[in-house]
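**Q** Quick one, structure for this:
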Amino acid sequence: MSEHFDLVVIGAGPAGEKGAAQAAYFGKKVCLIERAPKPGGAAVNTGTIPSNTLRESAMLLAGLRRKGLYGVEFRVQPDLSVADFMQRERQVIEARWHDIEENLAEHQITTVQGAARFTGPQAVEVTRHGQPARSFSGDIFLVASGAHPLRPAAIPFDGTVIIDSTDVPTMMSIPARLIVIGGGTIGCTYACIFAALGAQVTLVSTHPRLLSQFDHEVGDALRQELTRRLGINVHLDTEVSRIDAQAGLGYVTIADGTTSVAECVLYAAGREGATADLGLENAGVAANKRGFIVVDEKYRTSTTHIYAAGDVIGYPGRASTSMEQARVAMCHAFGLRYKQTVASIVPFGVWTIPEVASVGLSEQEAQARGLGIETGKAFFQHNARGQILGETTGFVKLVFTLEDKQLLGAVVVGEGACEIIHVASAVIAHGGTIDYFIQAVFSYPSMSEAFKYAAYDGLQRVQRRIERAGGLATEGS
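**A** Model prediction:
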């Protein structure tokens, strides 16, 4: 016998949890189905939380937060395992489980563990080992099953020598040598972490820059830090032709025939939607060749009472945006006027070493749109707080219009970048100009104060333009 709900949600990651809670908040009867024993999805269990915790442990235990500042050097013991660094990770994950479960219980959401599969447009069957299958029907469905690392068939993944990011938290030891394939968010993050832990790291990317979705200066600055500070060998614009594992070692051959060897190879070049076992064809839901579900601007799939949100629909694949997508989807599904769209201004942060963050348009994007722009920069080596923290290469960069100084975008490289980027995000979201930074009072010493001096630098650049053109500066120039 089928159990009926107003909403059936598949997946208890950030999108699934928040979408379920949004509908339940407005009185809907909700069922949330999760394959794993615990909620949280990749963000909590295998991705964001574990990687961030491992990064913080590496930064502290390797002394990178204070190395060279006080004449004290730190080295990580060579026989430590990843698990030795993950005690705090376990505490954080358990805290997140508790918070999520408490949130679901508070909203009186029915939770079911098992693998869900559509048997029709308005029905799913849930199976769990050792238990009879259960059927559920719903007026509305939200698919939030997430994504997982891309695993090309030609690569011999074994979970030990050739791994993907989900294998990192269970690694038995810190490898002496690590080859990372991929110069995106995941590849760069883990390359930094393991280099900080003492591994000899080689990073290979097909793109000409690291973090190619960011402003070009971000990728260039990150590469400089990876090579100078962490000793990582970075190979850009390089194709990998073969990956093998033999006798406990991984071998990576690039297009020119050169082969590198390491105790571990981390493949981090892409993700695909976790939809293979959902029976989407039974519900008439379309997905692309990478398994990502196709949705419209309200997150409706090709079957209009079935919505999808989060990593399962692809870019940008961030927990922060996933939550908002699901909330918007459920408000649309149930005709709620509470939240109509995801904010157009979304900050992006990557917890590399150093952190990098971006919001709005990059300089290159603004130029491609034919906008008349100028930029302003301030370096943390000239910032009092940056000097205290030993920041020597980090910076704040602002992108703004020449005509009226409206802030279009900002990037930050350095300690705390993922936090202070929200200052710029708020200014852009409210249509503000760089005059906000000029007029504002920032705590001293603080990293955020760099926004003020980036704005001053921008104004000076505008003045120099005027002088070169033979004109005179006017108020507001």
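**Q** Tell me if residue 353 really is in a helix.
**A** No - going by DSSP: H, G, I helix; E, B strand; the rest coil, the assignment for residue 353 is coil, not a helix.
**Q** Can you point out the buried residues in stretch 285-298?
**A** Of all the residues in stretch 285-298, those buried under the rule 16 or more other Cβ atoms under 10 Å are 285, 287, 291, 292, 293, 295. In this view, the C-beta of every residue, glycine as well, is placed from N, C-alpha and C.
**Q** Please, where are all the helices along the protein?
**A** For the chain, helices defined by DSSP state H occupy the ranges 14-25, 41-45, 48-61, 87-106, 185-196, 216-228, 280-283, 319-333, 363-368, 384-389, 417-429, 435-439, 450-468.
**Q** closest to residue 308 out of those?
**A** helix 319-333 (7.8 Å; Cβ to Cβ).
**Q** Give me the angle between that closest one and helix 14-25.
**A** Here the directions of helix 319-333 and helix 14-25 differ by 40 degrees (axes from the mean of the first three to the mean of the last three Cα atoms, to 10 degrees).
**Q** and residue 320, what is it in contact with?
**A** By Cβ atoms under 8 Å, 6 or more residues apart in numbering, the contact set of residue 320 is 14, 346.
**Q** Residue ranges in this protein under the pLDDT threshold?
**A** For the chain, the stretches with pLDDT under 70 are 61-86, 471-477.
**Q** So it: which segments form each domain?
**A** Under the assignment automatic domain parsing, the domains of the chain span 3-148+272-333, 162-269, 354-466.
**Q** Of all those domains, which one is nearest residue 348?
**A** Among the domains of the chain, domain 354-466 sits nearest to residue 348 (Cβ to Cβ), with 5.1 Å.
**Q** so what's the nearest residue to residue 158 once chain neighbours are set aside up against?
**A** Leaving out its chain neighbours, the residue that sits closest to residue 158 by Cβ to Cβ, 6 or more residues apart in numbering is residue 245, at 6.1 Å. For residue 245, the residues meeting the contact criterion (Cβ under 8 Å, 6+ apart) are 156, 158, 161, 162, 251, 265.
**Q** Make a PyMOL selection of whichever of the residues you listed turn out to be buried.
**A** Buried members of the contacts of residue 245 can be picked out in PyMOL with the line below, counting by 16+ other Cβ under 10 Å:
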select buried, resi 161+162+251+265
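**Q** and the two most separated of the contacts of residue 245?
**A** With Cβ to Cβ as the measure, no two of these lie farther apart than 158 and 251, at 13.2 Å.
**Q** ok, which stretches of the stretch 201-350 of the chain are strands?
**A** Here the stretch 201-350 of the chain has its strands, by DSSP state E, counting those that start in this stretch, at 233-235, 240-246, 249-254, 259-262, 264-267, 271-273, 306-308, 348-350.
**Q** same for the fourth one, what does it pack against?
**A** This points to strand 259-262. Under the contact criterion of 3 or more Cβ pairs under 8 Å, 6 or more residues apart in numbering; DSSP states H and E, strand 259-262 touches strand 177-181, strand 200-204, strand 249-254.
**Q** which neighbours does the longest one have in its sheet, and in what orientation?
**A** Neighbouring strands of strand 249-254 in its sheet, by DSSP bridges, are strand 240-246 (antiparallel), strand 259-262 (antiparallel).
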